[in-house]
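Colleague: Below are the sequence and a predicted model for it; my questions follow.
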Amino acid sequence: MALILGLPKGSLQDATFNMMRKAGFTLQVSSRSYIPSVDDPELQCRLIRAQEISRYVELGVLDAGITGYDWIYENGSDVVEVAELLYAKVGMKPVRWVVAVPNDSPIKSVQDLNGKRIATEAVGLTKRYLQKHKVQAEVEFSWGATEVKAPELVDAIVELTETGSSLRANNLRILDVVLESTTRFIANKKAWQDPAKRAKVEQIALLLAGALAAETRVLLKMNVPAAQLKAVVSKLPALHTPTVSPLNDTGWHAVESVVEERVVREIVPQLRKAGAEGIIELPLNKVVL
């Protein structure tokens, strides 16, 4: 048995390969190949555009895949959503499909799009959005470079953005958010009913979730005199409770805890003041919750 897994080619590729590596899978692919090698005999990978992965998973060409919710929605794919994986091209937040118009455009609201021309790669998503708002507009498929088409070729665009920097660089302003999307791990329904394939899918999902959980956490280790142990532990957040172990030196303990990286700069001075010594911060590959 080999599970055939679709991985997104393009903007999500590097982030996905990094997550897979942290999950424990080593992937290698040449610039001309769409079949990455992977150090797992139970897994075969295919590198495919994120826009197409959900269709191939639904058809059973792929057993499972990693793609955005936006493309599942766009394609109307009937698949099993195994897990939400909160990562994107450059960050750990959802991405957005937005309606954008030139900064000097008279279009101020969604209703002002009535009778206008809109360019987008996500035609189905855009048409459903307009229908929801009872707006009739011409929606045309964009083969790329969508940002540069307004205002000369179209009145507005619907485009994917993570930070908004590309829109601002092209003198565009966001009119409305059409859809927020996160990365999803999906499976074919027939493969999901196969015990061996489902077990493999669940293994990958667990490890990927662990890799993502580790992205925002670090391990803090320190030595603490017994007299200051209670004070130090009281200031130390943890997944459950900090781990405390006696050292060979009488009256000293080793304390360690997994904490959110964003709080480290605040609590380290407090821990030091409370009596902790030899404080070490270590990165993590996986945190399985």
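Modeller: Okay, I see it. Numbering: from 1, shown residues only.
Colleague: Tell me where the stretch 101-250 of the chain has strands.
Modeller: Using DSSP state E, counting those that start in this stretch, the strands of the stretch 101-250 of the chain run over 117-120, 138-141, 156-161, 172-181, 183-187, 217-225, 243-246.
Colleague: Nearest to Asp70 among the ones you listed would be which one?
Modeller: With CB to CB as the criterion, Asp70 lies closest to strand 172-181 of the strands of the stretch 101-250 of the chain, at 3.8 Å. In this view, the C-beta of every residue, glycine as well, is placed from N, C-alpha and C.
Colleague: The closest one pairs with which strands, parallel or anti?
Modeller: Partner strands for strand 172-181, per DSSP bridges, with pairing direction: strand 95-102 (antiparallel).
Colleague: can I see the domain layout of this protein?
Modeller: Here the domain parsing of the chain from automatic domain parsing is 3-92+183-214, 95-181, 217-283.
Colleague: ok, back up a step: ok, which of the strands of the stretch 101-250 of the chain comes nearest Ser257?
Modeller: If we rank the strands of the stretch 101-250 of the chain by CB to CB, the stretch that ends up nearest is strand 217-225, at 5.5 Å.
Colleague: And for this protein, the residue most distant from the center?
Modeller: The centre of the chain is farthest from one residue, Thr250, which by CA atoms, centre = their mean lies 46.8 Å away.
Colleague: Save the strands of the stretch 101-250 of the chain as JSON lines, and put in mean pLDDT, mean neighbour count and distance to Arg32 too.
Modeller: Below are the strands of the stretch 101-250 of the chain laid out as JSON lines (pLDDT from 0 to 100; neighbours: other CB atoms under 10 Å; distance: least, CB to CB, whole Å):
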{"stretch": "strand 117-120", "mean pLDDT": "96", "mean neighbour count": "23", "distance to Arg32": "30"}
{"stretch": "strand 138-141", "mean pLDDT": "96", "mean neighbour count": "14", "distance to Arg32": "27"}
{"stretch": "strand 156-161", "mean pLDDT": "94", "mean neighbour count": "24", "distance to Arg32": "26"}
{"stretch": "strand 172-181", "mean pLDDT": "94", "mean neighbour count": "18", "distance to Arg32": "29"}
{"stretch": "strand 183-187", "mean pLDDT": "96", "mean neighbour count": "24", "distance to Arg32": "26"}
{"stretch": "strand 217-225", "mean pLDDT": "96", "mean neighbour count": "19", "distance to Arg32": "38"}
{"stretch": "strand 243-246", "mean pLDDT": "94", "mean neighbour count": "12", "distance to Arg32": "49"}
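Colleague: any chance of these in JSON lines, plus distance to Val79?
Modeller: Below are the strands of the stretch 101-250 of the chain laid out as JSON lines (distance: least, CB to CB, whole Å):
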{"stretch": "strand 117-120", "distance to Val79": "23"}
{"stretch": "strand 138-141", "distance to Val79": "23"}
{"stretch": "strand 156-161", "distance to Val79": "20"}
{"stretch": "strand 172-181", "distance to Val79": "15"}
{"stretch": "strand 183-187", "distance to Val79": "4"}
{"stretch": "strand 217-225", "distance to Val79": "30"}
{"stretch": "strand 243-246", "distance to Val79": "40"}
